[in-house]
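Chemist: With the sequence up front, the predicted model follows.
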Amino acid sequence: MKTRLLIASALLAYIAQGARAQDARTLLQAVSKNIGADNLNTLQISGTQGYSAAVGAPYSADQDWPRGELTSYTKEIDFNAHFSREQIARRSGPNSPIGGTQGISQRGQKFDFVLNGNTAWVVTGGGAGPYDRQGYMDGIPVAEMWQLDNIMTPQGFVKEALAPDAHPAIVMIIGPRGHQITYVSIAALGKYHITAEINEKNEIESVVTHVANPAFGDMLYAYSYGPYKQFGAVKFPSTIHRDEGDPQLTPAHNSFYLQVAAVQANASVQVYTPTSGEKLPKDPITPIDSKKIGEGVWYIAGEGVRHASVAIEFPDFVVVVEAPLSEDRSIVVINEVHRLVPNKPIRYLVSTHYHFDHMGGIRTYAAEGATIVTSAEDADVYRRVVLSPAPRTLAPDRLSLLPPDRWPRELLGLVTDEYVISDKGQELDVYPMPSFEHVSSMLVAYLPREKMIINADVYEPPAPGKPLPRASAGARMLYETIQRLGLDVKTQVGIHGGVGSEDDFTKIVTQPDSPAGN
């Protein structure tokens, strides 16, 4: 399967150079008739076995996306109405207690997502995580991603390719007649080259494209389809597998797998629009709200923005802790930093860990000339993937537009035991934390003068007046780190959750029911 994906992925580059268009309609018409797409208006797909992964949130940079086990999956598509609804139930599995799926309990989670034309929204579940892709797939709008998902079904592909304004092209034929594979390419949504692999049985075995992603750039996005079965009026694959990532670059690419149990053609699908009570996509990019939390220290977030950044003024430059989400968000934050601290360059960006929602904007800071301070454990994936000079054709960012000689001379500052940034009395110390269930390599930043520690995904200070929560594994590790290093802390700053006191933090981690208090 991986070999086929790599072949198809390589073909996309070939297409981009310009392949001689050929009449592929005869082949596609045969495929359409064979798989029952000719008179197909709606499609329902369901199953109870498989997995769904937390894309962009691995436990470590050398592992695959962590998975949750599917217990129920249903997808309804109305091709004519450009409507789909995806309902998912999953529970904790052997690969899910770590990384981005650590929060799944044995009772499970339920998600319900809807696409109607260019509008995508959440009925149940989701929020800001891998399922609705906010914070993880910010290079491509959620609605566009789900439109691609529908087009990349076997029936969806032939319908799109046989549309009157489509221009399908056969780009390559491999193997002798009778055992040959034919690759057919189309352009979808005005910018995506999508290639289908069609076997001698007139079945689509894979559909491949690339999508924009802040971490990977032009990221491989591909579906592979297992043996076909007859489900009433349609032939449909018995298994569906999705890749998000590039197996040539990192082990993280397996994002979804389903054993298909039932498929219904032309069943009734309720097409509807969102109600006021449902979660329409929020704007996590433009809202900006800066709060001064210390002398020369600002907490930069905004209404509806759960991912903050912290700006620290030094005598001759500025340091920013965390570049979440995407280039668009980083540009907003950088502009705010320059407003707060005019005429000083941003010299360093501290990236706490390799999760897409926390480092999607680091290239924007590199384009500013900042050194990216990160864990030595993650250096390879930052250097080869995130900060790669490879072209980004789908969503060019500021760094990709710079000539190589304009890139920062010190692109990475690596943290092993301690990384100190100092300038005329101001100091920021960056330390690694011990691994815990969320991630194997995590950094925290400490300001000795302000007695302030900054963390991400470790501890969220509770809102004033709210009951103190139980300590998480990350909070206990943070407490152990503070004690081991002998740090004098008065203020806790969470990239999620705002600012709180060290007294509250100590009470939480030393409660009688917390292992740290035993």
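Modeler: Yes, it's here.

Chemist: dump the residue contacts of the closest residue to Val234 other than its chain neighbours.
Modeler: Nearest non-adjacent residue to Val234, counting by C-beta to C-beta, 6 or more residues apart in numbering: Gly36, 3.5 Å away. For the C-beta atoms, the positions are set from N, CA and C on the backbone; glycine is no exception. Gly36 is in contact with Gln155, Ala233, Val234, Lys235, Ala265, counting by C-beta atoms under 8 Å, 6 or more residues apart in numbering.

Chemist: doesn't Ala37 make contact with the last one?
Modeler: No. Ala265 lies out of contact with Ala37 (C-beta atoms under 8 Å); the separation is 9.3 Å.

Chemist: Overlap in contacts, these two.
Modeler: Common neighbours of Ala265 and Ala37, using C-beta under 8 Å, 6+ apart, are Val234.

Chemist: Looking at these two, which is more packed in?
Modeler: For Ala265 versus Ala37, neighbours defined as other C-beta atoms under 10 Å are more numerous around Ala37 (24 against 18).

Chemist: I figured the more buried one was touching Thr153, is that so?
Modeler: No. Contact status for Ala37 versus Thr153: not in contact, 9.5 Å apart, counting by C-beta under 8 Å.

Chemist: Tell me which stretches of the stretch 151-300 of the chain form strands.
Modeler: Applying DSSP state E, counting those that start in this stretch to the stretch 151-300 of the chain gives strands spanning 169-174, 181-188, 192-198, 204-213, 217-225, 228-231, 234-237, 239-244, 254-259, 262-265, 289-294, 297-302.

Chemist: ok, of those strands, where does mean pLDDT dip lowest?
Modeler: Lowest mean pLDDT within the strands of the stretch 151-300 of the chain: strand 169-174, at a mean of 93.

Chemist: gap between that strand and the chain center?
Modeler: Distance of strand 169-174 from the chain centroid (C-alpha atoms, centre = their mean, to the nearest Å) equals 32 Å.

Chemist: Next, the angle strand 181-188 makes with that strand.
Modeler: If you take axes from the mean of the first three to the mean of the last three C-alpha atoms, to 10 degrees, strand 169-174 sits at 160 degrees to strand 181-188.

Chemist: contacting residues around Ser72?
Modeler: For Ser72, the contact set (C-beta under 8 Å, 6+ apart) comprises Ser46, Thr48, Gln87, Ile88, Ala89.

Chemist: Okay, and the beta partners of the first one?
Modeler: This means Ser46. Note on Ser46: beta-bridge partners Thr74, Ala262, judged by DSSP bridges.

Chemist: doesn't Ala262 make contact with it?
Modeler: Yes. Between Ser46 and Ala262 there is a contact at 4.9 Å, judged by C-beta under 8 Å.

Chemist: So which elements touch the helix or strand where Ile334 lies?
Modeler: Using DSSP states H and E, the element containing Ile334 is helix 327-340. With contacts taken as 3 or more C-beta pairs under 8 Å, 6 or more residues apart in numbering; DSSP states H and E, helix 327-340 sits against strand 297-302, strand 305-313, strand 318-321, helix 362-367.

Chemist: what mean pLDDT does that helix have?
Modeler: Averaging pLDDT along helix 327-340 gives 97.

Chemist: could you check the angle helix 327-340 makes with the following helix or strand past that helix?
Modeler: Remark: after helix 327-340, the chain's next helix or strand is strand 346-350, criterion DSSP H and E. Going by the same axes, to 10 degrees, strand 346-350 is angled at 130 degrees with respect to helix 327-340.

Chemist: So in that sheet, which strands flank strand 346-350, and in what orientation?
Modeler: By DSSP bridges, strand 346-350 pairs with strand 318-321 (parallel), strand 371-375 (parallel).

Chemist: Ala456 is nearest to which of those strands?
Modeler: Closest of the strands paired with strand 346-350 to Ala456 is strand 318-321, at 8.3 Å (criterion: C-beta to C-beta).

Chemist: that older thread, specify which member of the contacts of Gly36 is nearest to Gly413.
Modeler: Out of the contacts of Gly36, the member with the shortest distance to Gly413 (by C-beta to C-beta) is Gln155, at 50.4 Å.

Chemist: which residue packs closest to that closest one, ignoring adjacent ones?
Modeler: Once flanking residues are discounted, Gln155 sits nearest to Ala37: 4.2 Å by C-beta to C-beta, 6+ apart.

Chemist: rewinding a little: looking at the contacts of Ser72, spot the one nearest Val305.
Modeler: Using C-beta to C-beta, Ile88 comes nearest to Val305 of the contacts of Ser72, at 26.1 Å.

Chemist: Below-threshold pLDDT in the chain: ranges please.
Modeler: Scanning the chain for pLDDT under 70 picks out 1-22, 94-96, 103, 105-106, 126-135, 276-277, 279-282, 513-518.

Chemist: Quickly list the domain ranges of it.
Modeler: 2-263, 289-517 (automatic domain parsing).

Chemist: Let me know which of these is the nearest to Gln270.
Modeler: Closest approach to Gln270 among these is made by domain 2-263 (8.1 Å; C-beta to C-beta).

Chemist: ok now that closest one, how far from the chain's centre?
Modeler: Chain-centre distance of domain 2-263: 15 Å, with C-alpha atoms, centre = their mean.

Chemist: list the contacts for Glu450?
Modeler: Counting by C-beta under 8 Å, 6+ apart, Glu450 has contacts Gly294, Glu295, Val297, Lys490, Thr491.

Chemist: Can you report phi and psi for it?
Modeler: According to degrees, to the nearest 10, the main-chain angles of Glu450 amount to phi -90, psi -10.
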